[in-house]
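**Student:** no FASTA, just this:
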């Protein structure tokens, strides 16, 4: 099925929301995700924000999974103003 970019329905809205959130999450995973904290339990005042951030150990697996979701849902991406709105029940 192609050419649905300007269609509208409740199902398309839900899928497009998931697609948008997956794309946002994927973009954010390209950045280190956590501040390097203290070596032992500490107060937030003890966190050294000058230390580099570190990446989540599962970040690459998360990127791969999000890439799959994005690829699967991309065909329903909104491409312009809707013209064939399906009436909602």
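**Tutor:** Received it, and whenever you're ready, just let me know what you need. None of these values were measured; they are calculated from a predicted model.
**Student:** all the strands of this structure, residue numbers only.
**Tutor:** 7-8, 34-35, 53-54, 84-85 (DSSP state E).
**Student:** hey, least reliable of the ones you listed by pLDDT?
**Tutor:** Taking the mean pLDDT of each of the strands of the chain, the lowest value is held by strand 34-35, a mean of 58.
**Student:** quick one: residues contacting the closest residue to residue 69 other than its chain neighbours.
**Tutor:** Spatial nearest neighbour of residue 69, excluding adjacent residues (C-beta to C-beta, 6 or more residues apart in numbering): residue 22 at 4.6 Å. Bear in mind the C-beta positions are built from the backbone N, C-alpha and C, glycine included. With contacts defined as C-beta atoms under 8 Å, 6 or more residues apart in numbering, residue 22 is in contact with 66, 69, 70, 73.
**Student:** neighbours of the second one, how many?
**Tutor:** Using other C-beta atoms under 10 Å, residue 69 is surrounded by 16 other residues.
**Student:** the contacts of residue 22 in helices, which ones?
**Tutor:** Cross-referencing the contacts of residue 22 against helices under DSSP state H gives 66, 69, 70, 73.
**Student:** neighbour-wise, which of these leads?
**Tutor:** Within the ones in helices among the contacts of residue 22, most neighbours by other C-beta under 10 Å means residue 66, with 19 neighbours.
**Student:** many thanks, I have nothing further to ask.
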